[in-house]
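Visitor: here is my input, please return the structure:
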Amino acid sequence: MLLVFRLGVSQEASIHVSSENSVDRLDRFDDATALRIDQAILKEMESQQIVGASVGVIRNGRVVFTKGYGLADRERKIDFSEKTVVNWASNSKPVVAVAAMQLVEQGKLSLEDRIKKHLPELPASCDEITVRQILCHQSGYPHYSNGKIVPLKTRIKSGVDGNDPLFSIKRFAGSRLIYQPREKYSYSSYAFVLLSAVIQRAGKEPLSDQIKNRITQPLDMNSFQLDAEFNKQSNWAVGYKKNFAGAVARVPEYANDWKHGAGGYKSSIVDFAKWAEGLINRKLCTEASEEKMWTSQKTSNGKSTDAGLGFFITTQNGTLKVSHGGSHSEARSRMVLYPKAKHGIVVLCNCGHADPAKISTAIYSVLKK
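Guide: Model (predicted):
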């Protein structure tokens with residue numbers, strides 16, 4: 001009981017009902033299983049010194065469990081609940097990957113399109129980069145610290161404020177490539193900001209509207225939003241990180257909205273779980289698009305990678321595993337899906353030092369017993 005008291009476990013209902021009908025009894029965890037899940041999560045939180053976290057579990061294609069643990073704001077002693085909003089960080093990338101595939105289905109975009117077809121203002125160094133190469137991290141574009149970052153000097157049409165990806169790319173789009181496209185795998189968040197701008201141009205409407213109309217509204221994701229400045233937003237979690245002395249300290253607020261599909265979205269665990277459930281049940285894309293996204297992409301020399309199109313693809317015991325992680329200084333996220341079995345787990349943490357994969361693994365260990 002001391003552990004539960006110290007972490008401030010939320011007393012929110014542990015079962016999320018996605019409609020007015022109650023969850024079928026066969027889909028609910030019995031009390032003993034729910035208790036073991038709680039204990040496994042709390043053990044990981046204590047071991048990692050995590051201030052607050054939330055988890056969502058999908059079984060048989062349905063969200064059956066969402067719950068918050070610990071504190072959303074340690075100083076004000078506000079519980080971390082299933083409604084607490086946390087930045088997804090790089091779990092934003094699968095969102096724009098799906099948005100891109102939806103445009104491919106509509107004939108408005110091709111995976112083999114060179115991005116300069118849609119963004120002609122980009123420098124000559126981007127001539128050979130395709131949409132596919134960005135999606136599987138083979139564009140050659142630099143990440144935050146592995147190449148010289150140069151602002152775009154060319155005037156770009158539109159892009160009037162921070163909620164527009166065409167505005168965001170100005171800060172880095174003059175950068176040179178660190179290798180030739182398709183030469184190898186190298187993770188790049190900047191490339192996904194470029195992709196966000198490509199989607200806006202190809203879809204001929206603001207990226208935010210495309211995501212709302214084709215993703216968040218169909219899935220009823222009411223808390224999903226850009227990570228703008230704090231400004232006393234309701235249910236927003238404070239971020240924490242271990243400092244140089246090893247103590248867990250509050251992280252200064254930072255708005256990640258300029259990153260858009262690279263790491264600019266946030267929501268509650270309820271909506272993160274709805275997103276995962278939508279993917280598992282193929283509510284957003286066709287089977288053909290899903291197969292493309294969830295197929296390992298090869299480099300120009302034929303080497304396979306763990307990257308699909310916007311997702312990471314591996315097998316576990318011969319079963320397809322689709323996943324993505326997210327990391328900001330104030331937050332960590334994790335999504336792991338087993339589409340064939342129609343189950344998965346999502347995790348949000350308000351600590352930049354957290355390892356949410358250990359939490360999802362701990363939950364699966366309980367469910368396998």
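
Visitor: tell me the contacts of the closest residue to K342 other than its chain neighbours?
Guide: Nearest non-adjacent residue to K342, counting by C-beta to C-beta, 6 or more residues apart in numbering: G61, 4.0 Å away. No exception for glycine: its C-beta is placed from N, CA and C like everyone else's. Neighbouring residues of G61 by C-beta atoms under 8 Å, 6 or more residues apart in numbering: 277, 280-281, 342-343.

Visitor: can you check S296 too?
Guide: So S296 contacts 304-308, 313 (C-beta under 8 Å, 6+ apart).

Visitor: coming back round to it: can you give me the distance of the residue nearest to K342 to H343?
Guide: With distances taken as C-beta to C-beta, to the nearest Å, G61 is found 8 Å from H343.

Visitor: where do the contact lists of these two overlap?
Guide: With the criterion set as C-beta under 8 Å, 6+ apart, the overlap between the contacts of G61 and H343 is I280.

Visitor: what about this structure, any weak spots by pLDDT?
Guide: 1-28, 159-162, 230-232 (pLDDT under 70).

Visitor: got the domain boundaries for it?
Guide: With domains defined by automatic domain parsing, the chain comprises 2-88+220-255+267-367, 109-203.

Visitor: with G261 as the reference, name the closest of these.
Guide: If you check each of the domains of the chain against G261 by C-beta to C-beta, domain 109-203 wins as the nearest, at 4.2 Å.

Visitor: so for the closest one, first residue to last residue, what's the gap.
Guide: From its first residue to its last, domain 109-203 covers 8 Å (C-alpha to C-alpha, to the nearest Å).

Visitor: then stretch 339-357?
Guide: Counting by C-alpha to C-alpha, the length from the leading to the trailing residue of stretch 339-357 is 18 Å.

Visitor: list the buried residues in it.
Guide: Within stretch 339-357, the residues that count as buried by 16 or more other C-beta atoms under 10 Å are 339, 343-356.

Visitor: pull out the buried positions in stretch 243-262.
Guide: Using 16+ other C-beta under 10 Å as the burial criterion, the residues of stretch 243-262 that qualify are 248, 251, 256-262.

Visitor: picking that back up, of the contacts of S296, just the buried ones, ChimeraX syntax please.
Guide: In ChimeraX syntax, the buried subset of those is picked out as below (16+ other C-beta under 10 Å):
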select :305,307,308,313
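
Visitor: mind putting the contacts of S296 into TSV with distance to V57 and secondary structure?
Guide: Shown next, in TSV, are these (distance: C-beta to C-beta, whole Å; DSSP: H, G, I helix; E, B strand; the rest coil):
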residue	distance to V57	secondary structure
S304	31	strand
T305	29	coil
D306	24	coil
A307	26	strand
G308	23	coil
I313	21	strand
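
Visitor: pick out the most distant pair among the contacts of S296.
Guide: Pairwise distances across these peak at 10.9 Å for S304 and G308 (criterion: C-beta to C-beta).

Visitor: so for the two, which residues contact both of them?
Guide: By C-beta under 8 Å, 6+ apart, S304 and G308 have these common neighbours: 296-297.

Visitor: can you map out the strands along this protein?
Guide: Using DSSP state E, the strands of the chain run over residues 52-59, 62-73, 78-79, 86-87, 225-226, 240-242, 248-250, 265-267, 312-316, 319-328, 331-338, 343-349.

Visitor: quick check: which helices or strands does the fourth one pack against?
Guide: When contacts are defined as 3 or more C-beta pairs under 8 Å, 6 or more residues apart in numbering; DSSP states H and E, strand 86-87 packs onto strand 265-267, strand 331-338.

Visitor: so what are the sheet partners of the first one and their directions?
Guide: Note on strand 265-267: by DSSP bridges, its sheet partners are strand 86-87 (antiparallel), strand 225-226 (antiparallel).
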